[in-house]
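Participant: Give me a 3D structure for the following:
(chains A, B and C)
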Amino acid sequence: MTAGGDQLMAFYETLLAHYGRQNWWPGDSPFEVMVGAVLTQNTNWLNVEKAITNLKAADKLSAWAIDALDHEELAQLIRPAGYFNIKARRLKNLITWLCQNYDGSIEALADLSVPRLREELLSVNGIGRETADSIILYALEKPTFVVDTYTYRVLCRHGCIDPESDYEQTKDFCESHLLQDVALYNEFHALIVQVGKNHCKPRPKCTDCPLVCYEHTLDL
DNA sequence: GACCAGGCACATC
DNA sequence: GATGTGCATGGT
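Facilitator: Numbering: from 1, shown residues only, chains lettered A, B, ... in the order given. Sure thing, here's the model as predicted:
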């Protein structure tokens, strides 16, 4: 275990002691978690909940029900989550993939390996790395570390990762310094989001400032 | 009224 | 390959 690894576990212990268990991901079923993963892209979770409530109220929170909806109907139901046109398309792409390849059953994905799942999910237009990893970890409960803006920002500001690190490098750093454990990955990501929301706000770039602060020149 | 939120794909250089 | 931009609602 390297110093970086020790530091990472120390962060985890500190955050867990301070915030307690986060009980992620909020959702009544793996399918709901998967839908939420798409709807929460660059969006406050409160708005996602409204959209999910709409889907439930309309009795459309299932693969085949969403598959049967046309674009306009789906877009209106998920409207509160923002970006509703593009998210309706992305959700449709994901559901179509699930229906065509796995009979609309998220349970059918359980037998696939994490690398295979990742590869397949990433092949769906609209499913990027974070969304794919969120689905694998939180809906399918398989070990893959979810990296998001907060993860990058928090680890960057604490000098754990190079500011030039991309998604995969950040993910590799976390996974290589932590035991491969679904519960740990689950809780850690949720805790990072919590501390990020409260203490790691984005900072503006100030490239023209004569007192150039390196951190401020980065889009953290 | 400005800023931000649990990203992603695509156009352009 | 890096950088910029569109997508949109709702809370603070």
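Participant: Specify which residues of chain A, grouped into ranges, have pLDDT under the cut-off.
Facilitator: A:1-5, A:204-220 (pLDDT under 70).
Participant: Around DNA strand B, pick out the residues from it.
Facilitator: Along chain A, the residues adjacent to DNA strand B under the rule CB under 7 Å from any atom of the strand are A:24-26, A:36-37, A:40-45, A:47, A:82-83, A:86, A:124-132, A:134, A:138, A:148-150, A:193, A:196-197, A:201-202, A:204. C-beta here means a position set from N, CA and C on the backbone, and glycine is covered the same way.
Participant: Please name the nearest non-neighbouring residue to residue A:170.
Facilitator: Spatial nearest neighbour of residue A:170, excluding adjacent residues (CB to CB, 6 or more residues apart in numbering): residue A:147 at 4.7 Å.
Participant: residues touching the one you found, list them.
Facilitator: A:129-130, A:133, A:167, A:170-171, A:174 (CB atoms under 8 Å, 6 or more residues apart in numbering).
Participant: repeat for residue A:137
Facilitator: Residue A:137 is in contact with A:143-146, A:182, A:185-186, A:189, counting by CB under 8 Å, 6+ apart.
Participant: do the same with residue A:149
Facilitator: Contacts of residue A:149 (CB under 8 Å, 6+ apart): residue A:196.
Participant: quick one, domains of chain A?
Facilitator: A:3-22+A:145-199, A:30-139 (automatic domain parsing).
Participant: Start and end of the longest one, how far apart?
Facilitator: Looking at domain A:30-139, the gap from its leading to its trailing residue is 4 Å under the measure CA to CA, to the nearest Å.
Participant: any idea which of the contacts of residue A:147 is closest to residue A:110?
Facilitator: residue A:133 (16.6 Å; CB to CB).
Participant: Can you tell me the SS state at residue A:143?
Facilitator: With DSSP: H, G, I helix; E, B strand; the rest coil as the basis, residue A:143 sits in coil.
Participant: just checking, it touches residue A:178?
Facilitator: No - counting by CB atoms under 8 Å, residue A:143 does not reach residue A:178; the two are 9.7 Å apart.
Participant: Overlap in contacts, these two.
Facilitator: Joint contacts of residue A:143 and residue A:178 (CB under 8 Å, 6+ apart) are residue A:185.
Participant: ok, and what's touching stretch A:6-20?
Facilitator: A:154, A:158, A:160, A:174, A:177-178, A:184, A:187-188, A:191-192, A:194-195.
Participant: try stretch A:37-45
Facilitator: Applying CB under 8 Å, 6+ apart, the contact partners of stretch A:37-45 are A:26, A:48, A:51-52, A:78, A:81-83, A:87, A:90-91, A:94, A:126-127, A:130-131, A:134-135, A:138-139.
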